[in-house]
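Colleague: 3D model of this:
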Amino acid sequence: MQLDGREISIYSIRNSLDMMVSLSNYGARIVSLLVPDSTGKVADVVLGYDSIEHYPGSSEGYYGATIGRFGNRIANGTFALDNVTYKLLKNDTKNHLHGGNRGFHSVVWKAFRAAENQVIFRHTFEDGEDGYPGRLRVEVFFSLNDSGELAINYQAVTDRKTIINLTNHAYFNLAGAGSGSVAGHLITINADSFTPVDEFMIPTGEIKKVAGTALDFRKEKPMGRDWDQDDPQLKIAGGYDHNFVLNKKANGQAEFAARVTEPVSGRTLEVETTEPGLQFYTANALDGRDVGREGVPYEARTAFCLETQHYPDSPNKPEFPSVLLEPGKPFKSTTIYRFSW
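Modeller: Numbers count the residues shown, from 1 in each chain. Have a look, this model is predicted:
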């Protein structure tokens, strides 16, 4: 299959633990991730389609895709840089979401199999593309090792000042994709605070303690235990869809962000990242219209996302960690998804 004159392909990498990740150059995305359980039975733990042909033009759930230039939301689709206001597509009510309708997720990237266990995706986004300033050259490295770690390394350079916030939008269900609700998954998030949102899912600018709220995951608890609490933040999002301010040592290294365990299968996912934030999303917007592998409709709360990131709307919140990228100062970010069983 071709798109924009380029062939859409699948690349698979394996390790010695019977894990296999399949990637596509369409959106530099994870399309499949096979992981054993405690009995050795292998299942696909990410949501996706039977064929890569189903991704272009589908209902956009961003399944497994690399997200950019700016992951998450920018209020009113505008931001200012050096006294110039840039206007972006408003594709989420009045806001800009995940880079717009084109974004990184709908581009056919160049792909290189750098080693037996690594695939690299490269693309150059032109100055003004999707409304963003700067010619941006991006590389995304996917590596799978024999310790059960799927590492994603992002690198980017620009020729003029711009903003950047990259992440991956994989939907996980550790019981296996299409296995139903993730309410019983046990989750821990290494965050004392989160960024509350307004009615349009834009951070208010407040950094709020999780203590005493339904968003306190400092101690392991079932993912669904509190998601229907009478909490204004949960009502706005229809569940969890919030940025957590990770507890960081500010050493520039990938540090522990979250852990999720599915008790029946025994599968555990640990996330480490260099990023300051983590968006925990319980797939509240899925409504069964997307029919995934083996004809299973994807319903709300049947998966979760752990999107490592800078905070939403950071270009309009100077008090948040900066997302500015300047010429001569390369962007680098690392996220590690570690599986055990």
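Colleague: Note down every partner strand of the one helix or strand residue 119 maps to and its orientation.
Modeller: Residue 119 is part of strand 118-125 when elements are defined by DSSP states H and E. Strand 118-125 has the following sheet partners, assigned by DSSP bridges: strand 110-115 (antiparallel), strand 136-144 (antiparallel).
Colleague: Who are the contact partners of the closest residue to residue 53 other than its chain neighbours?
Modeller: Among residues not flanking residue 53 along the chain, residue 1 sits closest, at 5.3 Å (CB to CB, 6 or more residues apart in numbering). From N, CA and C alone the C-beta is placed, and that goes for glycine too. Contacts for residue 1 (CB atoms under 8 Å, 6 or more residues apart in numbering) come out as 7-8, 52-53.
Colleague: at 7 Å instead, please
Modeller: Residues in contact with residue 1 (CB atoms under 7 Å, 6 or more residues apart in numbering) are 8, 52-53.
Colleague: Which single one of the residues you listed is nearest to residue 132?
Modeller: Taking CB to CB as the measure, residue 8 is the one of the contacts of residue 1 closest to residue 132, at 24.3 Å.
Colleague: I'd guessed that closest one sits against residue 107; true?
Modeller: No - with contact defined as CB atoms under 7 Å, residue 8 does not reach residue 107; the gap is 10.8 Å.
Colleague: quick one, which of those two is more surrounded?
Modeller: It is residue 107, of residue 8 and residue 107, that has more neighbours when counted by other CB atoms under 10 Å, with 23 against 19.
Colleague: do you know how far residue 276 is from residue 314?
Modeller: The gap separating residue 276 from residue 314 is 10 Å, by CB to CB, to the nearest Å.
Colleague: Looking at these two, which is more packed in?
Modeller: Higher neighbour count among residue 276 and residue 314: residue 314, with 26 against 19, using other CB under 10 Å.
Colleague: For the more buried one, give its distance to residue 186.
Modeller: Distance of residue 314 to residue 186, computed by CB to CB: 30 Å.
Colleague: re the thing from before, a markdown table please, covering the contacts of residue 1 and showing secondary structure.
Modeller: Converted to a markdown table, the contacts of residue 1 look like this (DSSP: H, G, I helix; E, B strand; the rest coil):
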| residue | secondary structure |
| --- | --- |
| 8 | coil |
| 52 | helix |
| 53 | helix |
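Colleague: Is residue 152 bridged to anything, and to what?
Modeller: residue 142, residue 335.
Colleague: I'd like to know how many residues surround it.
Modeller: When neighbours are counted by other CB under 10 Å, residue 152 registers 22.
Colleague: Check it and give its pLDDT.
Modeller: Residue 152 carries a pLDDT score of 98 in this model.
Colleague: Now do the contacts for it.
Modeller: By CB under 7 Å, 6+ apart, the contact set of residue 152 is 140, 142, 168, 335.
Colleague: try it again with 6 Å
Modeller: Neighbouring residues of residue 152 by CB atoms under 6 Å, 6 or more residues apart in numbering: 142, 168, 335.
Colleague: just those residues now: which is nearest residue 224?
Modeller: For those, the residue nearest residue 224 by CB to CB is residue 168; the value is 23.5 Å.
Colleague: Please name the residues that touch that closest one.
Modeller: 66, 152.
Colleague: Just grab the bridge partners of it for me.
Modeller: Counting by DSSP bridges, the residues bridging with residue 168 are residue 66.
Colleague: strand partners of the helix or strand of the chain with the lowest mean pLDDT, parallel vs antiparallel please.
Modeller: Least confident element among the helices and strands of the chain, by mean pLDDT, DSSP states H and E: strand 2-3 (a mean of 71). Sheet pairing of strand 2-3 (DSSP bridges) gives strand 6-7 (antiparallel).
Colleague: How far off centre is the strand it pairs with?
Modeller: Counting by CA atoms, centre = their mean, to the nearest Å, strand 6-7 is centred 25 Å from the centre of its parent chain.
Colleague: Please list the outside residues in contact with the next helix or strand after that strand.
Modeller: Next helix or strand after strand 6-7 toward the C-terminus (DSSP H and E): strand 10-14. Contact partners of strand 10-14, identified using CB under 6 Å, 6+ apart, comprise 20-24, 117, 119, 144.
Colleague: Kindly recompute the last result at 7 Å.
Modeller: So strand 10-14 is contacted by 20-24, 31, 52, 111, 113, 117-119, 144 (CB under 7 Å, 6+ apart).
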